[in-house]
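Enquirer: Take a look and give me a structure for this.
(2 chains)
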Amino acid sequence: MNGVGRTRWLVFTSGALLVTACSTPSTGPRGGGGLAPAVSTTAVPVVPYERLVNSDAEPNNWLTYSGSYMSHRFSGLDQINKDNVADLAPAWVYQVKNPGLVETTPLVVDGVMYLTEPPSNVTALDAGTGRTLWRWTRPMPSTVKNIGFPRVNRGVAVLDDQVFVGTLDGYLVALDAGSGSVRWEVEVADNQAGHSITMAPLALDGKLIVGISGGEVGIRGFIDAYDTDTGERLWRTWTIPGPGEPGNDTWGGDSWRSGAGATWLTGSYDPELNLLYWGIGNPGPDWNGDVRPGDNLYTASVMALDADSGALRWHFQYTPHDTHDWDANQIQVLVDDDWDGEPRKLLVTANRNAFYYVLDRETGEFLHGVEYAKQTWSEGLDEHGRAIVIPGTEPSYEGTLVWPSLQGSTNWFSPSYSPVTGGFYVAVREMGAVYFKQDVEYERGEPFLGGGEQRLDGDQAQGWVYALDALTGERRWQFNLLSPPWSGVMATAGGLVFGGSQEGNIFALDADSGEPLWSFYAGAATRTNPMSYQHAGKQYVVMSGGYGVFVFGLKD
Amino acid sequence: MTDVLRATALAVVLVSLWAPGPVVLVAQDRDARSERSMERGRDLFAAHCARCHGLSGDGGEGPSLLGRRFERAAERSDLVRLVLDGIPGTAMSRTWVDDIEAADIAEYVWSLARVTEGPIPGDAGAGRRLFEGSAGCSDCHIVNGKGVGLGPEMTDIGARRGLPFLLESILVPGSSIPTGPNGPHSSFLVVSVVMDDGTELRGMRVAEDAFTLNLRDRRGRYHSIAKSRVASLDRETGASLMPDYGERLTEEQVTNIVAYMANLRGGR
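Expert: Predicted coordinates:
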């Protein structure tokens, strides 16, 4: 594959020795006393596309943002399990070097951890000790725009011997995996017009897929593919159809021009179908739908794109004519299971609008949908999966109380699917808001909101981790959190579900019952997704809290 | 919610009985230019700030801006700088406006934060004697280093809160439970707990998360409670450990205590 031929025979060593060549990590004797090995040697990781396709076969590593192209955020490791998780303890902690919100999901490849730090920096760590191997820092002047979201980054992609990061100022950068040196960089879109990148890119076979932020600035959203060797753009698919294209007639007048439809979270991929599944954000302006009559395709939808050409194969719109900022960027989870007695390729998602959906991911056919969290805007879904809207629930000049709040029943933080339990685990925000509408005119690079909300917070709101049946959406159990969370969850083959809270708890629940089995107080809110890897025979679970990236393992 | 509204209405009625006109939260001495600036600021605030601070400035993901003194902005010009630069290490990024628009936003936010400037009714000296004496306020509140630190400190309460809030906090203390260091979750909410061994505890919630609850009882003792051992937990919304001063004190006494509190501006 691309890049493999130029693999650097660089080797990282944790000890004092400098080793010149090695193809596999050396674990070394651990000894009965639990001492770390004297020398642990790691070659510069190389991740050909085939490893990404078969990521389930190597649970020791975490190769993509959601753990696999299927976006299960499931760890196949079971060293940490229900029987011993009570003994979980911090192995090491990494502190990010710039203050800011830490929303990164680290990747771990063959003993090296790659994570991003706010605003758009990349750091490579020794996955066994947390020591820094290299750091790449992107200057980010205060003139760089981030309208509608904080200065965050959610992680990198790896392919072959390169690490890829999207930046707040709207660039895509390829770094050498062994040194952090820049191989190439390309401007994806003009930051001064409101474009920005906070998501982890998705690496496919020789190409990198990236989305864009800017849903509160009235951008015209898109999904791009870039050649991973050169940075050349291979294709761009707009999320808002232009004149003459199907779907443009779902926008009144010229409103499509500022229709938003940002693509700010990492999508999923089915290699067999060669289809990408990407969640699309809110229409612009967010809360005043009067200026954009119609369904506003393809906002608040999932788009299924041919990965080679970017051509749209099918779409499904979760919230037609959204007026509550209910993006559909949440992770689209791919599940293979029986449906009506026949094996079927499914796509399931817990949407920000409080409904859970099951689609056929070959055709986009709506198979099933159900309310999974508190909502007051819809009577339910019709036979085609379209929400039956309760009149009077749109934002108004005087204010309209609706559940969920604009942050939705869930948000960017990831759900998890366990093929072991068949459970779909999701962190849920139960909060209402009074939505207001305001008049607004589009101005390039300026906020394009058309209203706002007053949230019912404090003890009027609460958070949950729900376990849903992945096929029916029915709730199996629930675990209560004090505040609506900003952290995702991860199920494991050890029968656990890891998560975090706004109060600073990092915890493990029994995947079958929801019973809490372990918790750790991180001292500050967690705003990230858990991940897991195994290094030198030891499983670790990673979750951030405050400025710390906490890495937990069983005591030796 | 309904109780809070009722209490607020009561407070407004009572305050308007004292004051010659409506309660003045926004200074009246602005010239036409600053009025226009403030109107522009109001619109800009809705577009840029309300997503976090609420359309009325009463808070959301960001803090409330109403009737308070800003830790990071002693002057209006400091607010302009905060608007333009944001606050590093927090969710507040720089706001995408030009210098003039930032000044307009600051003008409006400053108006939200202004405490009452009109004459304060009542006898502050008599209020102080009550506060420190027979009313027993100092048994729970510290002013200028004196008193007991069980309830919120009052040293600069007059700079942070307006008259209606102060009055309401005495007459219907449970309706205006102040928040604490834990964001929108009040550190003074009354919580009753029954443990699985039958032990009963009641106090102010100091901290709470999914696993742990910290209470402080009337005697000032802290209790750390494992939620896994809790049989029942009642968050007494609308309750307060404060005595019912609406029953204990005359209207004149309440007026005097409010006058004393309104004059507490942080000086010692």
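
Enquirer: alpha carbons only for contacts and neighbour counts from here, please
Expert: Noted.

Enquirer: And the strands in the stretch 201-350 of chain A?
Expert: A:202-203, A:207-210, A:222-227, A:233-238, A:268-270, A:275-279, A:301-306, A:312-317, A:333-339, A:342-350 (DSSP state E, counting those that start in this stretch).

Enquirer: Now render the ones you listed as CSV, adding mean pLDDT.
Expert: Shown next, in CSV, are the strands of the stretch 201-350 of chain A (pLDDT from 0 to 100):
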stretch, mean pLDDT
strand A:202-203, 98
strand A:207-210, 98
strand A:222-227, 98
strand A:233-238, 98
strand A:268-270, 98
strand A:275-279, 98
strand A:301-306, 98
strand A:312-317, 98
strand A:333-339, 98
strand A:342-350, 98
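
Enquirer: What lies in contact with the strand of greatest length in chain B?
Expert: Assignment by DSSP state E gives strand B:200-208 as the longest strand of chain B. Strand B:200-208 is contacted by residues A:482, A:503, B:182, B:186-194, B:213-218, B:241 when judged by Cα atoms under 8 Å, 6 or more residues apart in numbering or on different chains.

Enquirer: and the helix or strand following it, what other elements does it pack with?
Expert: Remark: after strand B:200-208, the chain's next helix or strand is strand B:212-216, criterion DSSP states H and E. Counting contacts by 3 or more Cα pairs under 8 Å, 6 or more residues apart in numbering or on different chains; DSSP states H and E, strand B:212-216 is packed against strand B:200-208, strand B:222-226.

Enquirer: before we move on, back to that, same list, the strands of the stretch 201-350 of chain A, but as JSON lines with distance to B:Leu65 and mean neighbour count please.
Expert: Shown next, in JSON lines, are the strands of the stretch 201-350 of chain A (distance: least, Cα to Cα, whole Å; neighbours: other Cα atoms under 10 Å in any protein chain shown):
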{"stretch": "strand A:202-203", "distance to B:Leu65": "41", "mean neighbour count": "28"}
{"stretch": "strand A:207-210", "distance to B:Leu65": "38", "mean neighbour count": "25"}
{"stretch": "strand A:222-227", "distance to B:Leu65": "37", "mean neighbour count": "21"}
{"stretch": "strand A:233-238", "distance to B:Leu65": "40", "mean neighbour count": "16"}
{"stretch": "strand A:268-270", "distance to B:Leu65": "42", "mean neighbour count": "23"}
{"stretch": "strand A:275-279", "distance to B:Leu65": "35", "mean neighbour count": "27"}
{"stretch": "strand A:301-306", "distance to B:Leu65": "36", "mean neighbour count": "24"}
{"stretch": "strand A:312-317", "distance to B:Leu65": "38", "mean neighbour count": "18"}
{"stretch": "strand A:333-339", "distance to B:Leu65": "41", "mean neighbour count": "19"}
{"stretch": "strand A:342-350", "distance to B:Leu65": "35", "mean neighbour count": "20"}
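
Enquirer: Output those as a markdown table; include the columns distance to B:Asp156.
Expert: Listed next are the strands of the stretch 201-350 of chain A as a markdown table, based on distance: least, Cα to Cα, whole Å:
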| stretch | distance to B:Asp156 |
| --- | --- |
| strand A:202-203 | 53 |
| strand A:207-210 | 51 |
| strand A:222-227 | 52 |
| strand A:233-238 | 55 |
| strand A:268-270 | 54 |
| strand A:275-279 | 50 |
| strand A:301-306 | 51 |
| strand A:312-317 | 53 |
| strand A:333-339 | 53 |
| strand A:342-350 | 47 |
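
Enquirer: would you turn those into TSV with distance to chain B?
Expert: Below are the strands of the stretch 201-350 of chain A laid out as TSV (distance: least, Cα to the nearest Cα, whole Å):
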stretch	distance to chain B
strand A:202-203	27
strand A:207-210	24
strand A:222-227	23
strand A:233-238	26
strand A:268-270	29
strand A:275-279	23
strand A:301-306	23
strand A:312-317	25
strand A:333-339	27
strand A:342-350	23
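
Enquirer: what ranges of the stretch 251-400 of chain A fall below the confidence cut-off?
Expert: Judged by pLDDT under 70, the stretch 251-400 of chain A has no weakly predicted residues.

Enquirer: Near the residue in it that chain B sits nearest to, how many other residues are there?
Expert: Evaluated by Cα to the nearest Cα, the stretch 251-400 of chain A has A:Gly399 as its residue closest to chain B, separated by 10.2 Å. Applying other Cα atoms under 10 Å in any protein chain shown, we find 18 residues neighbouring A:Gly399.

Enquirer: same deal with A:Asp360?
Expert: Neighbourhood size, A:Asp360 [other Cα under 10 Å]: 18.

Enquirer: picking that back up, tell me which of the contacts of strand B:200-208 fall in strands.
Expert: Using DSSP E, the subset of these located in strands is B:Val190, B:Val191, B:Ser192, B:Val193, B:Val194, B:Leu213, B:Asn214, B:Leu215, B:Arg216.

Enquirer: Contact partners for the second one?
Expert: Taking Cα under 8 Å, 6+ apart as the criterion, B:Val191 is in contact with B:Arg202, B:Gly203, B:Met204, B:Arg205, B:Leu215, B:Leu233, B:Asp234, B:Arg235, B:Glu236.

Enquirer: just checking, the fifth one touches B:Arg235?
Expert: Which is B:Leu215. No: with contact defined as Cα atoms under 8 Å, B:Leu215 does not reach B:Arg235; the gap is 11.5 Å.

Enquirer: the more surrounded of those two?
Expert: More crowded of B:Leu215 and B:Arg235, by other Cα under 10 Å: B:Leu215, with 26 against 15.

Enquirer: all strands of the stretch 1-150 of chain B, in order?
Expert: Taking DSSP E, counting those that start in this stretch, the strands of the stretch 1-150 of chain B run over residues B:142-143, B:146-147.

Enquirer: Serialize those strands to TSV and add fields for mean neighbour count, mean pLDDT and distance to A:Trp326.
Expert: TSV is the format used below for the strands of the stretch 1-150 of chain B (neighbours: other Cα atoms under 10 Å in any protein chain shown; pLDDT from 0 to 100; distance: least, Cα to Cα, whole Å):
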stretch	mean neighbour count	mean pLDDT	distance to A:Trp326
strand B:142-143	21	96	46
strand B:146-147	15	94	50
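
Enquirer: Having no further points to raise, I will conclude here.
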